[in-house]
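Participant: Need the 3D shape of this:
(chains A, B and C)
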Amino acid sequence: MYIGQVAGTVVATVKHEAFAGHKLLLVERLDLNGQPTADYDICVDTARAGVGDRVLVLDEGNGARQVLGRKVAPIRAVVVGIVDDVAL
Amino acid sequence: MFLGKVVGTLVATQKDVSLEGLKFLVVRRLTVENQDEKGYVVAADAVGAGLGEVVMVATGSSARQTVMTNNRPCDAVIMAIVDSWETDGIEKYNKGAGDQ
Amino acid sequence: MQLARVMGTVVATRKYVGLEGIKFLIVQPLSKTQQPAGEPVVAADATAQAAPGELVFIVGSREAAQALPETFVPVDHAIVGIVDDVDV
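Facilitator: Sure, this is the predicted structure:
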């Protein structure tokens, strides 16, 4: 998992049925100083996150399917939480 | 997947028992402009490709999703033989046109 | 999952069993600002309707095969949606 920041939203009408009803977020990966890196993921939102939120991103298929309650899904990146605080 | 050309065969008599029966080919990567790249992989062949053919290679855990590579220590598999491809509306490779 | 631009098409008659009828497209992965990022890859088109020039999003690794009718197939990238809009 990594810490990200929601930079925006992605709208796709034509998509695999596993994405139906899910909001897609463009999430920038943050470094340990909280700065955006060049890496990002288009994520399925399960935490009702909004633009600007710092979020916890899961980028792994088995876990994603578990969170989404599906046996099969072409989904890896999922926003699973909104980060309140990180203590380093 | 990436596009590549089969440039060799690989024989290894002494190998992990789980690799027995797999046919290995050496595949050189091609750019989408059909230029040779420096990079290559050794891939298991799941479609009966031959020397000189242009193929598609799947890598990573996806490479184990064939009957012959399932649960085997293999990270690249040839899963299609390419007839032709085009980018930006321009044909970059055509098998029928001979080697390019 | 990442943004990508469809660059072209690949024709392959001889394919691994289970991939019959699947369209393969050459896509250029994009950065969050939609600039080319990394090398082009060949992706299976799970939407069955993506066309050259279109902005799509792709899923990599093992989850790619889960976008297809037959899920036990050697596919490492799949187009899972056609993007209408990115709001960043």
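Participant: When you work out contacts or count neighbours from here on, use the C-alpha atoms and nothing else.
Facilitator: OK.
Participant: gap between the spatially closest residue to B:Ile78 that is not a sequence neighbour and B:Ala44?
Facilitator: Among residues not flanking B:Ile78 along the chain, B:Val57 sits closest, at 4.5 Å (Cα to Cα, 6 or more residues apart in numbering or on different chains). Distance from B:Val57 to B:Ala44, counting by Cα to Cα, to the nearest Å: 9 Å.
Participant: shared neighbours of these two, which are they?
Facilitator: B:76-78 (Cα atoms under 8 Å, 6 or more residues apart in numbering or on different chains).
Participant: Narrow these to those that are buried.
Facilitator: Taking 16 or more other Cα atoms under 10 Å in any protein chain shown as the criterion, what is buried in the shared contacts of B:Val57 and B:Ala44 is B:76-78.
Participant: if you look at those, which of them are in helices?
Facilitator: In this view, these have no member that belongs to helices under DSSP state H.
Participant: Strands of the chain, residue ranges please.
Facilitator: All of this refers to chain A. A:2-11, A:14-15, A:24-30, A:36-45, A:54-59, A:77-82 (DSSP state E).
Participant: Can you look at chain B instead?
Facilitator: Under DSSP E, chain B gives strands at B:2-10, B:24-30, B:36-45, B:54-59, B:76-81, B:84-87, B:90-94.
Participant: Including mean pLDDT, could these go into a markdown table?
Facilitator: Listed next are the strands of chain B as a markdown table, based on pLDDT from 0 to 100:
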| stretch | mean pLDDT |
| --- | --- |
| strand B:2-10 | 97 |
| strand B:24-30 | 98 |
| strand B:36-45 | 96 |
| strand B:54-59 | 98 |
| strand B:76-81 | 98 |
| strand B:84-87 | 98 |
| strand B:90-94 | 97 |
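Participant: now for the ones you listed, which one comes closest to C:Glu54?
Facilitator: The closest of these to C:Glu54 is strand B:84-87. By Cα to Cα, the value is 12.8 Å.
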